[in-house]
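Trainee: What shape does this take:
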Amino acid sequence: MIIKEPNVSITQDLTNLTTDQLREIAYRYQRIFCGCGYGFWEWDLETNHINWSGAFWQQLGYAELDKEVFYDANQLPSYIHPDDRNIMFEAVREHLRSSEPLRICYRIRNKAGKYIWVQVLADSIRDDQGRARYISGLNFDITELKNVEQALRESEARQVRIIQASKDGIWEWYAEDDSFHFSNRCWEHLGYNENDDIVTRGQDRLSQWRDHIHIEDLPKFDHTLRKHMLGRGAFDIEYRVNTKQGETRWIRARGRACFDEQGQPTRMSGTNMDITSIKRAEERVMQAKEDAEKANRAKSDFLSSMSHELRTPLNAILGYTQLFEYDDNLHAVQKDNLREIRSAGAHLLRLINDVLDLAKIESGNIDAELQPVLVTRVIADCFTLVRHQADARGIFLHAKYQNLDDACVTADPGRLKQALLNLLSNSIKYNRVGGEVEVSLSAREDHFLRISVRDTGVGIAPHLYDSVFQPFNRLHAELSGVEGTGVGLAITKQLVEIMRGRIGFTSEVDSGTCFWLDLEHCGKAVNKTPKNVVEVDLASADTLINKRSCRMLYIEDNLANIRLIQQFLSRYDNYLLEVAEEPFLGIYHARNSRPDVILLDIDMPGLDGYEVLKVLQKDPATALIPIIGLSANIMCIDEQKGRTAGFYQYLSKPLQINQLVLALNQLAGETEAAALISPSVPAQPEG
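Mentor: Numbers count the residues shown, from 1 in each chain. Model prediction:
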């Protein structure tokens, strides 16, 4: 059914409308009242009767029969929250007195017994004497709005509690009127309270704050703020302020600006934290650190000075006692006495040397030149040095490399040998007569290689573990009659740490101790025999198959190596050797004489072999000359690096003559080895 709307204005006199038009208007407003969910009402003050329209009460869960009670104005207050009734009555009385529109919020009970918030908007119709006859208005549910307001208040209260608990001040700047807001806590940081004029007058507070910033920190403050306003960095700064009482305190300020679409700052908010106590604690810690370092330096300087002072007369004592041993006039008892003096002097000298080493380490005057080191070579050297000491006590020395014979670690060769000697010496000294010392290697999962030194001594008691690496602490071994200084393990630990390694131990009483040190595993040593090359013996290495004239330039700064090559090539009349003992001179000779092959040492001062290679490769006159590199670096990665750089061959030092012969024969292209590699070598003009 289509309902025609009556063509009338809402302001038209209703007395002129027909019954159908009035009915249609009533239908229209009924649809509006029921569709919007509001409660429309009119209160007849003479009869105390309230007429209701709309779906308000239905939304509260009440049925038609329930609504009868709402028509009686005397019954309505029983549905209003007890805390809000007086507020409602007072608002109505004020409206009747002042004729101002009625605006009030209160809670009303729904059918389920819960209270919801209602907004009431109303006004009254009065007679000629100004007395209110009717109050007409509407009710609508604002519970969600009230819940949001409550959540907002709780959030604000929570933030206030947090800020108060943290004792931080908050501030905000507004670009619209270039004004600043500082919380009272900010001014408390400066020694003011809320009754001080500087806080209460509220004029140009930024200038007032800037006046309290320490004059040395003001440029830093302005620079940081300016950068942040330009969007070039965070505003996070620590600066000093002068308080009302004349005290200097530290503030950490952090903030963030908001920008408009044009990139202009519109507002900036932030916090101030008083970090004076933190700064003072830092100053105390730094002062304590400086004092400790000063005391440690003084101790190290004293030990170093005393060690040098003691060594001078001790060297004379030991030297003259050795002279007496060659005197045939001394009888056996006197010689025994001199040997005791010499033994005691040697022990004292070792003690002085250990103290001096410890002083050097603690003062930071000891450096480590880290490089790839072949571990088995260091172990073999150490075994040679301690073999006599082990044999004197019947100690069996042996090593287990476990397929790590060619393993290399990143270390200082001298420092690694010193550390390993200390461990081996202790394992022998504190071992049982006829015991065993085993050195073993094992790869760790974290790319470290572990060197373990295990003995069969008496072990270390658990309560002494914390004292093992303390200097001058011999763990009661001074009662055993074994000589020692008590600083060897302390030195070893610091040497290992200087080489970016780590050290530790395990021990079992009456079974023995195992000290271990871990160093970075950096690869394998280069195979002595190059791959894909037919191995030749020394007899075949003495023969170069090239019969043509060959000019060779050798760029090398080591005279021993130069003499070796000169003596070898002197057997071959067709090889003409030219030597340059300096890299720049070598480049000059290469450009002028254009040799058939260049033998180039990689490890030279001033300009290393790789740099010389680049220079020669870029010059058209020398770019095609094959260059054989020589280096003491024997890691496989070094060999690969040399080949990648453009060396024809990469040979290791000490130089093996047969390797040089193979390289030269390959270059000539007339041997079986050359057939395996097949390099493309440009033809060279004969001499």
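
Trainee: all contacts plus neighbour counts: C-alpha atoms, from now on.
Mentor: Will do.

Trainee: Work out for me the element Ile135 sits within.
Mentor: Secondary structure assigned from DSSP states H and E places Ile135 in strand 132-141.

Trainee: ok, and the closest non-adjacent residue to Arg450?
Mentor: Spatially, and ignoring its direct neighbours in sequence, Arg450 is nearest to Asp518 (4.4 Å; C-alpha to C-alpha, 6 or more residues apart in numbering).

Trainee: on that earlier part again, contacts made by the next helix or strand after the strand holding Ile135 with the rest, please.
Mentor: Going down the chain from strand 132-141, the next helix or strand is helix 143-166, by DSSP H and E. Here helix 143-166 makes contact (C-alpha atoms under 8 Å, 6 or more residues apart in numbering) with 116-118, 169.

Trainee: Using PDB, write out every CA atom in helix 143-166.
Mentor: The C-alpha trace of helix 143-166 is given here as PDB (Å, rounded to 0.1, in the frame of the first residue of the first chain):
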ATOM      1  CA  THR A 143      25.700   4.900  27.600                       C
ATOM      2  CA  GLU A 144      28.400   4.300  24.900                       C
ATOM      3  CA  LEU A 145      29.500   8.000  25.100                       C
ATOM      4  CA  LYS A 146      29.700   7.800  28.900                       C
ATOM      5  CA  ASN A 147      31.700   4.600  28.700                       C
ATOM      6  CA  VAL A 148      34.100   6.300  26.300                       C
ATOM      7  CA  GLU A 149      34.300   9.300  28.600                       C
ATOM      8  CA  GLN A 150      34.900   7.000  31.600                       C
ATOM      9  CA  ALA A 151      37.600   5.100  29.700                       C
ATOM     10  CA  LEU A 152      39.200   8.400  28.700                       C
ATOM     11  CA  ARG A 153      39.200   9.700  32.300                       C
ATOM     12  CA  GLU A 154      40.700   6.400  33.500                       C
ATOM     13  CA  SER A 155      43.400   6.700  30.900                       C
ATOM     14  CA  GLU A 156      44.100  10.200  31.800                       C
ATOM     15  CA  ALA A 157      44.200   9.300  35.500                       C
ATOM     16  CA  ARG A 158      46.500   6.400  34.800                       C
ATOM     17  CA  GLN A 159      48.900   8.600  32.800                       C
ATOM     18  CA  VAL A 160      48.800  11.200  35.600                       C
ATOM     19  CA  ARG A 161      49.700   8.400  38.100                       C
ATOM     20  CA  ILE A 162      52.500   7.100  36.000                       C
ATOM     21  CA  ILE A 163      53.900  10.600  35.400                       C
ATOM     22  CA  GLN A 164      53.700  11.400  39.100                       C
ATOM     23  CA  ALA A 165      55.300   8.100  40.000                       C
ATOM     24  CA  SER A 166      58.100   8.600  37.500                       C
END
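
Trainee: Report the next helix or strand after that helix in sequence order.
Mentor: Next in sequence after helix 143-166, counting helices and strands by DSSP H and E, comes strand 169-174.

Trainee: And the strands in the stretch 251-400 of the chain, which stretches?
Mentor: 265-274, 371-374, 396-400 (DSSP state E, counting those that start in this stretch).

Trainee: tell me what the shortest one is packed against?
Mentor: What that stands for is strand 371-374. Applying 3 or more C-alpha pairs under 8 Å, 6 or more residues apart in numbering; DSSP states H and E, we find strand 371-374 packed against strand 407-411.

Trainee: what does the last one give?
Mentor: If contacts are counted by 3+ C-alpha pairs under 8 Å, 6+ apart, strand 396-400 sits against helix 375-392, strand 436-443.

Trainee: and Cys186, how many neighbours does it have?
Mentor: Cys186 is flanked by 24 other residues according to other C-alpha atoms under 10 Å.

Trainee: which one is it nearest to, not counting chain neighbours?
Mentor: Gly169 is the one closest to Cys186 (C-alpha to C-alpha, 6+ apart), at 4.5 Å.

Trainee: Check Val453 too.
Mentor: Using C-alpha to C-alpha, 6+ apart and skipping the chain neighbours, the partner closest in space to Val453 is Val439 (4.6 Å).

Trainee: Which of the helices and strands packed on strand 396-400 has the highest mean neighbour count?
Mentor: strand 436-443 (a mean of 19; mean count of other C-alpha atoms under 10 Å).

Trainee: low-scoring stretches of the stretch 551-687 of the chain, by residue?
Mentor: Residue ranges of the stretch 551-687 of the chain with pLDDT under 70: 560, 632-638, 653-656, 670-687.

Trainee: what about the helices in it?
Mentor: Along the stretch 551-687 of the chain, the segments classed as helices by DSSP state H, counting those that start in this stretch run 559-569, 583-593, 609-618, 636-645, 657-668, 672-677.

Trainee: JSON lines for those, including mean neighbour count and distance to Ile275?
Mentor: Listed next are those as JSON lines, based on neighbours: other C-alpha atoms under 10 Å; distance: least, C-alpha to C-alpha, whole Å:
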{"stretch": "helix 559-569", "mean neighbour count": "13", "distance to Ile275": "66"}
{"stretch": "helix 583-593", "mean neighbour count": "17", "distance to Ile275": "60"}
{"stretch": "helix 609-618", "mean neighbour count": "17", "distance to Ile275": "54"}
{"stretch": "helix 636-645", "mean neighbour count": "15", "distance to Ile275": "52"}
{"stretch": "helix 657-668", "mean neighbour count": "20", "distance to Ile275": "70"}
{"stretch": "helix 672-677", "mean neighbour count": "15", "distance to Ile275": "72"}
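
Trainee: now the ones you listed in CSV, with distance to Ala63?
Mentor: Listed next are the helices of the stretch 551-687 of the chain as CSV, based on distance: least, C-alpha to C-alpha, whole Å:
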stretch, distance to Ala63
helix 559-569, 114
helix 583-593, 108
helix 609-618, 98
helix 636-645, 91
helix 657-668, 109
helix 672-677, 103
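
Trainee: Select, out of those helices, the one closest to Ile213.
Mentor: Evaluated with C-alpha to C-alpha, these place helix 609-618 nearest to Ile213, the distance being 55.9 Å.

Trainee: Give me the distance from that closest one to the chain's centre.
Mentor: With C-alpha atoms, centre = their mean, to the nearest Å as the basis, helix 609-618 stands 38 Å off its chain's centre.

Trainee: For stretch 211-228, report the contacting residues that lie outside it.
Mentor: In this structure, residues lying in contact with stretch 211-228 by C-alpha under 8 Å, 6+ apart are 190, 210, 233-237, 239-243, 256-257.
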